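Trainee: Need the 3D shape of this:
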Amino acid sequence: MQNIKLTIAYDGSDFHGWQFQPGIPTIQGALEQALQKIAQERTTVHGASRTDAGVHALGQVAHFKTHSNLGATEIQNGMNAMLPHSIRIVTAEEVSQTFHSRWLAQAKTYRYRIARGSVLLPFDYRHAFHYPWPLDETAMDAAAAEFTGQHDFTTFAASSGSEEDDQERDMVRVIHSSEFRREIGRNEIEYIVRGTSFLRYMVRKIVGTLIEVGRGKLAPADIPKLFEAKDRARSGPTVPPEGLYLVAIEYPDPADSLANTEQRRRAKP
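Mentor: Presented below is the predicted three-dimensional model:
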């Protein structure tokens, strides 16, 4: 049996998120449908991150196990031929049986695009959040830095729908970097955040809070107080999903591929 790791890019505009739902277009559902045609077997594709409806990905990672004799490149080419153009398999490789895309992930990077021009171009309306009004970007930069480190993100996470489950959830997360980036000549700002893992809606609520700082409704010094409050009603609004991109997922050992594992085995005396 082969364990195949996929790196996937997709435009999430026409999908109801990653996770399979009967009768509804999802990323996982599209991948599994394509694989069934190629490998002639039903298989489950395990994703590293369950992106929500409308969220995009540049470097989503997934894996699946198959009895098929097709090689990784054949699987990649076959899936890309079967999938809609809004989903592409960027890379496919056979990895060791112990690789798990979700449980072995060590860090994730997300990007959120905020278009600042007076007019949003038609090419961007499903791929960026349009905010043309004045913002104090210097204050937003200072506030973004307050999110780095280990914090309880209760204030910046969506409810699970169960008060009991919310009380039992571990809401502590570690953020390695949190900053805005700008490119010369583009009337757009991008929020880039890298952390160990993220709660549902966490990035979108952080961005909504940072926009409130830009509007003068909050100050950078208020961010630590919001962590302490542990109150979802105190954060800024949850910004729309179309500006959010899953950029990359990091793993402990890039040499976990089957080829490198075999090389290490053969090198032993």
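
Trainee: use CA for all of it now, contacts and neighbours both
Mentor: OK.

Trainee: Can you tell me the closest non-neighbouring residue to M1?
Mentor: H67 (4.8 Å; CA to CA, 6 or more residues apart in numbering).

Trainee: Okay, helices next: where are they in the stretch 1-150 of the chain?
Mentor: 27-39, 72-82, 137-145 (DSSP state H, counting those that start in this stretch).

Trainee: For burial, what's the neighbour tally of the residue nearest to M1?
Mentor: 12 (other CA atoms under 10 Å).

Trainee: Quick one, grab the pLDDT at it.
Mentor: Looking at H67, its pLDDT reads 94.

Trainee: so it touches I4, yeah?
Mentor: No. In this structure H67 lies outside contact range of I4 using CA atoms under 8 Å: 10.8 Å.

Trainee: Mean pLDDT added to the helices of the stretch 1-150 of the chain, as TSV?
Mentor: What follows is the helices of the stretch 1-150 of the chain, written out as TSV (pLDDT from 0 to 100):
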stretch	mean pLDDT
helix 27-39	95
helix 72-82	96
helix 137-145	98
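
Trainee: JSON lines for those helices, including mean neighbour count?
Mentor: What follows is the helices of the stretch 1-150 of the chain, written out as JSON lines (neighbours: other CA atoms under 10 Å):
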{"stretch": "helix 27-39", "mean neighbour count": "20"}
{"stretch": "helix 72-82", "mean neighbour count": "17"}
{"stretch": "helix 137-145", "mean neighbour count": "19"}
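
Trainee: how about CSV for the ones you listed, with distance to K230 added?
Mentor: Below are those laid out as CSV (distance: least, CA to CA, whole Å):
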stretch, distance to K230
helix 27-39, 33
helix 72-82, 44
helix 137-145, 18
